[in-house]
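Here's a sequence, model it:
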Amino acid sequence: MRILLLTQWFDPEPTFKGLLFAREFAARGHDVEVLTGFPNYPGGDVYPGYRIRPWVREQIDGVSILRVALYPSHDKSAFGRVLNYTSFAISAALIGTALIRKPDVVYVYNPPATIGFPAVALGLLRRVPFVFDICDLWPDTVAVSGMLSSPGALTLLGKWCNFVYRRARHIVVVSPGFKQQLVRRGVPPDKIDVIYNWCDDAAIEPGGADPELASRLGLSGYFNVMFAGTMGTAQALDSVLEAAALCRQTLPNVQFVFVGGGVDRNRLEKKAGDLGLTNVRFLPRQPMSAMGAVLGLADVLLVHLKDHPLFGITIPSKTQAYMASGKPVLIAVRGDAAQLVTQSGGGLVCEPENPRSMAETVARFAAMSPEQRRSMGEAGKRFYDEQLSLNAGVTKFEALFAKICGVTIPASRHSCQSSEWVS
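From the prediction side, this is the model:
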């Protein structure tokens, strides 16, 4: 099959379904092209080696990529974000539609919801079906994040999303709760599949803790509860600092470690200093290639989101990365994410935005033997490999694309090895 991946975010930006996704399809014998923007996420600055032009073609690991112009921005400014999203949508619809080779099927990664504009344009102008992969539910997410608060604007955005859902040949969502929400909005249930996200399996491969790295990062000799990823308003990490304050006296060996960046990081770091939290450590954002080693230094990996109904149907992407690392997970999220971790046997659940609940759950982890924690982490890793891995996810997408294109994929395919498909 000839597959076009339409996504605003792509390598070298950190992205969930980028180069790994494209390479896996190419390795299975498919012809893959990517339509994307110039890399500027998450800082909003164009990456070294790139400059904004109307378009440019490049190859990464044998994958053909067409990049089109956008306005680079990613900060707290709603105006800047809107310009970023709409500029790419317009460029992809006008320039991308004209320059891409006609595919058999288009895979569309959402967010942002503005990606629906070039998806619809491609469908109409090039007469190709598209699969809309909803990894972030709009307008719900932008309302919760505070990026957009006008009721009228949110209503219009919701109508736009519903229009794109109708135009899509099929919809993929990352959690059962997302599917239930779309069905309530009138999308036929047989038009929606649940395919969980995965992580970079190779980068997160479990390994032994590196004593030298632990010493260099200030993690030696502590029971480390680690949060790794974006620090924004949706993560509501003030509660984690308050939990650290509760643990300071009762669990003196426990250290809370924050790894990464985000719009809220500086404020959180200042608050930790103002509160005198000597059991809290902030580390800079790490390259993906180093994350496996960094996660390997944690005793427990923490997922936390704001206590909001939307996040009850959200599975944060770090959940999969944590499970793949083979470490126990402390999940402070309600609903689908908590159910996934509980089902796997790979962690414990506490209430989000409840410092006391979190502190008590940290104490439960600390009271376990190393063997108990190791067994818990191994259970999560097994579940990830069987149900959530890159291979498992791409196999499901491949079957869906083949059904849409009217081709047959050999039933024996279980890996990324190339194999012929027949019509």
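
Could you tell me whether Met152 really is in a helix?
That one is not Met; residue 152 is Gly. Yes - read with DSSP: H, G, I helix; E, B strand; the rest coil, Gly152 is one of the residues of a helix.

Surely Phe223 is in contact with Asn279?
No - applying Cβ atoms under 8 Å, one finds Phe223 not in contact with Asn279, separated by 10.0 Å. Bear in mind the C-beta positions are built from the backbone N, C-alpha and C, glycine included.

which of the two has more neighbours?
Shown here are Phe223 and Asn279; by other Cβ atoms under 10 Å, Asn279 has more neighbours (20 against 17).

so that one touches Val254, yeah?
Yes - judged on Cβ under 8 Å, Asn279 makes contact with Val254 at a distance of 6.4 Å.

need the strands for the stretch 1-150 of the chain, in chain order.
Along the stretch 1-150 of the chain, counting by DSSP state E, counting those that start in this stretch, strands occupy 2-6, 31-37, 55-60, 63-68, 105-110, 130-134.

List phi and psi for the closest residue in space to Val333 that isn't next to it in sequence.
Leaving aside its chain neighbours, Val333 sits nearest to Leu305 (4.8 Å; criterion: Cβ to Cβ, 6 or more residues apart in numbering). With angles defined as degrees, to the nearest 10, Leu305 sits at phi -140, psi 160.

Could you list the buried residues of stretch 3-15?
For stretch 3-15, a neighbour-count test (16 or more other Cβ atoms under 10 Å) marks 3-11, 13-15 as buried.

How about stretch 98-105?
Result for stretch 98-105 [16+ other Cβ under 10 Å]: buried residues 100, 103-105.

if we take those, which one ends up nearest to Phe397?
Nearest to Phe397 among these, counting by Cβ to Cβ, is Val105 at 10.0 Å.

Which residue is the nearest non-sequential neighbour of that closest one?
Val105's closest residue in space is Phe401 (Cβ to Cβ, 6+ apart), at 4.9 Å.

For Met1, give me its contacts.
30-31, 104-105, 401-402, 405, 407, 421 (Cβ atoms under 8 Å, 6 or more residues apart in numbering).

which residues does Phe10 contact?
Contacts of Phe10 (Cβ under 8 Å, 6+ apart): 18-19, 34, 36-37, 39, 65.

Turn those residues into a markdown table, columns for distance to Val263.
Shown next, in a markdown table, are these (distance: Cβ to Cβ, whole Å):
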| residue | distance to Val263 |
| --- | --- |
| Gly18 | 22 |
| Leu19 | 26 |
| Val34 | 27 |
| Thr36 | 23 |
| Gly37 | 20 |
| Pro39 | 19 |
| Ile65 | 28 |
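
number of nearby residues for the residue lying closest to Arg185 once chain neighbours are set aside?
For Arg185, ignoring the flanking residues on the chain, the nearest one in space by Cβ to Cβ, 6+ apart is Asn162 at 6.2 Å. Counted with other Cβ under 10 Å, the neighbours of Asn162 add up to 14.

Quickly find the element holding Asn162.
Assigned by DSSP states H and E, Asn162 belongs to helix 151-167.

and what of Gln181?
Per DSSP H and E: Gln181 is located in helix 176-184.

pLDDT at Cys350, what is it?
If you check Cys350, the pLDDT there is 97.

err, Gly152, not the other one
As predicted, Gly152 sits at a pLDDT of 88.

what number of residues lie near it?
Using other Cβ under 10 Å, the number of residues around Gly152 comes to 7.

now swap in Glu371 and tell me
By the criterion of other Cβ under 10 Å, Glu371 has 8 neighbours.

Mean pLDDT per helix and strand in this protein: which one sits at the bottom?
Ranked by mean pLDDT, DSSP states H and E, the weakest helix or strand in the chain is helix 140-145, scoring a mean of 75.

before we move on, the earlier item: okay, the residue nearest to Val105: pLDDT?
pLDDT, Phe401: 97.

Please give me every residue in contact with it.
1, 3, 104-105, 107, 131.

From Ala338, how far off is it?
Distance, Phe401 to Ala338, by Cβ to Cβ, to the nearest Å: 31 Å.

Report the distance from the next helix-or-strand element following the helix holding Asn162 to the chain centre.
Of the helices and strands lying after helix 151-167 in sequence (DSSP H and E), the nearest is strand 170-173. The chain centroid and the centroid of strand 170-173 are separated by 16 Å under Cα atoms, centre = their mean, to the nearest Å.

which residue is nearest the middle of this protein?
Ser317 (3.9 Å; Cα atoms, centre = their mean).

quick one on the thing from earlier: got the strands of the stretch 1-150 of the chain as TSV, with mean pLDDT and distance to Cys199 columns?
What follows is the strands of the stretch 1-150 of the chain, written out as TSV (pLDDT from 0 to 100; distance: least, Cβ to Cβ, whole Å):
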stretch	mean pLDDT	distance to Cys199
strand 2-6	98	18
strand 31-37	97	20
strand 55-60	96	19
strand 63-68	97	19
strand 105-110	97	16
strand 130-134	97	16
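
Turn those into CSV, columns for distance to Asn84.
Supplementary listing: the strands of the stretch 1-150 of the chain in CSV, determined by distance: least, Cβ to Cβ, whole Å:
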stretch, distance to Asn84
strand 2-6, 16
strand 31-37, 9
strand 55-60, 17
strand 63-68, 13
strand 105-110, 15
strand 130-134, 19
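
Can you say which of these is nearest to Ala290?
Nearest to Ala290, of all those, is strand 55-60, at 19.8 Å by Cβ to Cβ.

Out of the buried residues of stretch 3-15, which is nearest to Cys247?
For these, the nearest to Cys247 is Pro14 (30.0 Å; Cβ to Cβ).

Quick check: pLDDT value at the closest one.
At Pro14, pLDDT is 83.

Please tell me how far the closest residue to Leu4 other than its chain neighbours sits from Ala113.
Of all residues not flanking Leu4 in the chain, Pro103 sits nearest, at 3.9 Å (Cβ to Cβ, 6+ apart). Per Cβ to Cβ, Pro103 is found 22 Å from Ala113.

One more: Ser357?
Separation of Ser357 from Ala113 (Cβ to Cβ) stands at 34 Å.
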